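Colleague: predicted structure and sequence below. I'll ask about it afterward.
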Amino acid sequence: MDNKEKAFSEWLVLRCQQGHRPALKPLLELWQPRYLAYIRQRLGDPDSARDVLQEALLAICRSLYKLQDPASFPRWSFTIVERRCLDQLRRRYRDREVFAESGSEVEQSVPHDQEAALDSSRLLAQLPGELAGLLRLYYLEELSLPEIAEIQNIPRGTVKSRLFYARKRLQKLLEEEDERAR
């Protein structure tokens, strides 16, 4: 996100907090694709990603007036998105436990996102959701290590080590892809 978009986003947040309702639509239009991409990579399921996106957007809209610093909107809003992702993952885990107790088998496959046209998106989709989400926040959303640590509620050192691990996994995927291309 460039400085122009950051400034525009801050201005829209301020306008929303001042009660200017029409400012909410462009704010959500600016951020919704970013949230959706993050959620899809985090969950690996496009269908539940849309549900989680709806929940996150409602929570963001309801509590936007509480935000003290409009410049912290990206970190603040991604924290809400991450929490909704964790809620969905917990529900998914509980559902698997219920099915396992009832003797039913749960399909473990992860649906592929067929909309991923860019190589980077395709490669990120091959990583576990947690690592893909981390890379997206760091490289695509350009959030700092402390911001990511706050969003994911983990220590900064853990963010650094997961980034290191994610880069290694990504490098391995690229090498494997090169081998297949030869």
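Modeller: Nice, thanks for sending it over. What you see is a predicted model; the values in this text were computed from it and never measured. Numbers count the residues shown, from 1 in each chain.
Colleague: least trustworthy helix or strand in this protein by mean pLDDT?
Modeller: Lowest mean confidence among the helices and strands of the chain (mean pLDDT, DSSP states H and E): helix 119-125, at a mean of 69.
Colleague: figure out how far the longest helix seen in the chain is from the centre of its chain.
Modeller: Under DSSP state H, the helix in the chain containing the largest number of residues is helix 73-102. The chain centroid and the centroid of helix 73-102 are separated by 12 Å, computed with C-alpha atoms, centre = their mean, to the nearest Å.
Colleague: now do stretch 138-150
Modeller: How far stretch 138-150 lies from its chain's middle: 11 Å, per C-alpha atoms, centre = their mean.
Colleague: hang on, the earlier thing: can you give me the buried ones in the longest helix of the chain?
Modeller: Taking 16 or more other C-beta atoms under 10 Å as the neighbour-count basis, helix 73-102 is seen to contain the buried residues 73-85, 88-89. Every residue, glycine included, has its C-beta placed from N, CA and C.
Colleague: repeat that for stretch 32-42.
Modeller: By neighbour count with 16+ other C-beta under 10 Å, stretch 32-42 contains the buried residues 34-42.
Colleague: same question, stretch 55-71
Modeller: For stretch 55-71, a neighbour-count test (16+ other C-beta under 10 Å) marks 55-57, 60, 64, 67, 70 as buried.
Colleague: would you mind pulling up the elements that the longest helix of the chain packs against?
Modeller: Under the contact criterion of 3 or more C-beta pairs under 8 Å, 6 or more residues apart in numbering; DSSP states H and E, the helices and strands touching helix 73-102 comprise helix 3-17, helix 24-43, helix 46-63, helix 145-152.
Colleague: kindly recompute the last result at 6 Å.
Modeller: The elements that helix 73-102 packs onto, with contact taken as 3 or more C-beta pairs under 6 Å, 6 or more residues apart in numbering; DSSP states H and E, are helix 24-43, helix 46-63, helix 145-152.
Colleague: before we move on, back to that, for the buried residues of stretch 55-71, which one is nearest Phe8?
Modeller: For the buried residues of stretch 55-71, the residue nearest Phe8 by C-beta to C-beta is Pro70; the value is 11.0 Å.
Colleague: got the helices and strands packed on helix 73-102 as JSON lines, with distance to Trp11 columns?
Modeller: Conversion of those to JSON lines gives the following (distance: least, C-beta to C-beta, whole Å):
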{"stretch": "helix 24-43", "distance to Trp11": "9"}
{"stretch": "helix 46-63", "distance to Trp11": "17"}
{"stretch": "helix 145-152", "distance to Trp11": "20"}
